[in-house]
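# when you get a sec, could you give me coordinates for this:
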Amino acid sequence: MIGGIGCDIVDITRFDGWSKLSRNRLRSLFSAQELIDCSDTHNELIAEKLAVRFAAKEAAYKALSQFVISLGFIQRTISFRTFCKFVTVEYTTWGVPQIIIDKATLEHMLAQTMPHFRTHLSISHAQTTAMAIVVVEAPG
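Numbering: from 1, shown residues only. Prediction:
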């Protein structure tokens, strides 16, 4: 059963200047590993990679918010910036992107026990835009 769907699209040029931001500032949105994954061999951040991860996190935030609301867990909310601290984008050995959510932190933030759920992520980018779709699958 689908528990939530989220989609986001961003303009890649918005991320062009992010390579000049401090790593500490970027850590409010991306994990240390994500920043490594988004860097080239000279440790310069690549805008397309930042953009697609940002879009993935935004899509995950929307999908998971929809799922949490459907469960009736509306007493507490989580800001997008806080959400980003316990959600990462990783790639499997085949290069398939996935959203990893620290469920224990999510439950702590919501003060609720979450039922089992799975997430599915699809991302893409072209010359000027990056997009992501996330589906939260709930037991049904």
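# contacting residues for the residue nearest the centre of the chain?
Nearest to the geometric centre of the chain sits residue 57, at 1.9 Å (Cα atoms, centre = their mean). Shown in contact with residue 57 (Cβ atoms under 8 Å, 6 or more residues apart in numbering): 29, 80, 83, 84, 87, 89, 99. From N, CA and C alone the C-beta is placed, and that goes for glycine too.
# for residue 8, see how far away residue 26 is.
18 Å (Cβ to Cβ, to the nearest Å).
# ok, now residue 74?
22 Å.
# have a look at these two and say which one is more surrounded.
A direct count of neighbours by other Cβ atoms under 10 Å for residue 74 and residue 8 places residue 8 higher, at 21 against 11.
# still on that earlier bit, out of the contacts of residue 57, which is nearest to residue 36?
residue 89 (12.4 Å; Cβ to Cβ).
# could you tell me the phi and psi values at that closest one?
phi -100, psi 120 (degrees, to the nearest 10).
# that one: neighbour count?
Close neighbours of residue 89, defined as other Cβ under 10 Å, add up to 25.
# again, but for residue 29
20.
# which residue, other than its chain neighbours, is closest to it?
residue 84 (4.7 Å; Cβ to Cβ, 6 or more residues apart in numbering).
# thought residue 47 was touching residue 13, still the case?
Yes: if you go by Cβ atoms under 8 Å, residue 13 and residue 47 touch, sitting 7.4 Å apart.
# more neighbours: those two, which one.
residue 47 (20 against 12).
# can you report how many residues neighbour residue 124?
If we define neighbours as other Cβ under 10 Å, then residue 124 has 13 of them.
# start the count at 41 instead of 1 going forward.
Happy to do that; since the first residue is 41 now, the last one works out to residue 164.
# that one against residue 170, yeah?
Yes: look at residue 164 against residue 170 with Cβ under 8 Å: they come within range, at 7.3 Å.
# can you give me the buried ones in stretch 109-117?
residue 113 (16 or more other Cβ atoms under 10 Å).
# and stretch 54-74, by the same measure?
Under 16+ other Cβ under 10 Å, the buried positions of stretch 54-74 are 55, 58, 59, 66, 69, 70, 71, 74.
# what sits against residue 78?
Per Cβ under 8 Å, 6+ apart, neighbours of residue 78: 70, 85, 86, 89, 90, 93.
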